[in-house]
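Participant: This is a predicted model, with the sequence first.
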Amino acid sequence: MGSSFGTLFRIHTFGESHGGGVGVIVDGCPPRLDLDLAAIQADLDRRKPGQSKITTPRKEDDRVEILSGLLDGVTLGTPIAMLVRNKDQRPQDYQEMAVAFRPSHADATYQAKYGIQARSGGGRASARETIGRVAAGAIARQLLARANGTEVIAWVRRIHDIETLVDGERVSRDDVEANIVRCPDPATAERMIERIEAIGREGDSCGGVIECLVRKPPVGLGMPVFDKLEADLAKALMSLPATKGFEIGSGFAGTLLRGSEHNDAFLATSDGSLHTATNNSGGIQGGISNGEPILIRVAFKPTATIRKEQQTIDSEGNATTLAAKGRHDPCVLPRAVPMVEAMVALVLADHLLRQQGQCSLW
């Protein structure tokens, strides 16, 4: 329970941060999809720890093993199992956390709910669980590209109080990957890196906002009422570790506009396709994609595990303090970019298959 996501394109992730490994089972991927296996590994490399001076120093190769579901790199239509083995586990770094709950982490709530927890590294609450999501999302991304030419791209928009306002239509993957913070604005990226380093030296952490754009999304994705596309996107993205906010299109800023300012006027087209003069709706109207780019923003809180001493309690409810050890990101956002892309791709792939099943018979 709680480890599966999707309806037709469905994934199930497994494993703990300091266990033997983590991975995913992808069920429902159509047959005869010629996968670029190097692209799956490339997305995992963008997510892995130890990739730069502003990420956790934990060293993991995160080499994916594909155990089933392929023949010569082509999908069979059967479940695809992918595994990444943990190599650099250090459960001894978490001995103090076995008796003291980390403030704002999942330790206390997991213990209260289950009466037991995987204390080393947070277990299933660790961002290491997202390896399976990123691997599955890489498959979903290839499915979307082949079916509709759809592209999903995300970047860091804000770190702490340092923000960039780039034109998403002009952002490329190369722009995002040009620096270690994954901000496509080079000057702002340097300031972001300096801020993360300064806060990290203090034993503290910071959060920020990731922006994601979907180019050429299929028209008609999403179901009325409870399965609206933005509702499923919100659930997917808010299931990522450390997320605390979701916006689409104009988001909360749209509340400051009047209807006459916010409405996206339809434009006449020669082929009868939908096109709007503006995109305050963020590519989704009535819960259904209209073909315009889908624009999303996700807020990530500061990393909960920090070296600064904090007030907390132990498992018996007694007051104590904790200065966490272990290896933790001072800011999760640079490594969260591929996680955001993966969850968006998974939602779109699932809704694409649902749309084909419902509306392509005649």
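Facilitator: Ah, there it is.
Participant: What about T13, how many residues nearby?
Facilitator: 20 (other Cβ atoms under 10 Å). Glycine gets a C-beta too; all of them are placed from N, C-alpha and C.
Participant: Next: G2.
Facilitator: There are 6 residues near G2, going by other Cβ under 10 Å.
Participant: what does the model give it for pLDDT?
Facilitator: At G2, the model reports a pLDDT of 88.
Participant: That one and S239, how far apart?
Facilitator: Counting by Cβ to Cβ, to the nearest Å, the gap from G2 to S239 is 9 Å.
Participant: tell me which residues form a beta bridge with V152?
Facilitator: V214 (DSSP bridges).
Participant: Can you give me every residue that contacts it?
Facilitator: R141, L144, C212, L213, V214, R215, E341, V344, A345, L348 (Cβ atoms under 8 Å, 6 or more residues apart in numbering).
Participant: Among the residues you listed, find me the one that's closest to D175.
Facilitator: Nearest to D175 among the contacts of V152, counting by Cβ to Cβ, is L213 at 12.1 Å.
Participant: Next, count neighbours for the closest residue to the closest one other than its chain neighbours.
Facilitator: In this structure, L213 finds its nearest non-sequential neighbour in G168, 4.2 Å apart by Cβ to Cβ, 6 or more residues apart in numbering. Neighbour count of G168, defined by other Cβ under 10 Å: 18.
Participant: correct me, but G168 touches I296?
Facilitator: No. Using Cβ atoms under 8 Å, G168 is not in contact with I296, being 10.2 Å away.
Participant: What is the longest helix belonging to the chain packed up against?
Facilitator: Criterion DSSP state H: the longest helix present in the chain is helix 333-359. Packing partners of helix 333-359 (3 or more Cβ pairs under 8 Å, 6 or more residues apart in numbering; DSSP states H and E): helix 37-47, helix 130-148, strand 151-159, strand 208-215, helix 229-238, strand 294-300.
Participant: What angle do strand 294-300 and the fourth one make with each other?
Facilitator: What that stands for is strand 208-215. In terms of direction (axes from the mean of the first three to the mean of the last three Cα atoms, to 10 degrees), strand 208-215 departs from strand 294-300 by 160 degrees.
Participant: tell me the mean pLDDT for strand 208-215?
Facilitator: In this model, strand 208-215 has a mean pLDDT of 98.
Participant: and the angle for it with helix 333-359?
Facilitator: 40 degrees.
Participant: Mind listing the shared neighbours of G168 and I296?
Facilitator: Common contacts of G168 and I296, defined by Cβ under 8 Å, 6+ apart, comprise E211, L213.
Participant: How much space separates G357 from G6?
Facilitator: Separation of G357 from G6 (Cβ to Cβ) stands at 14 Å.
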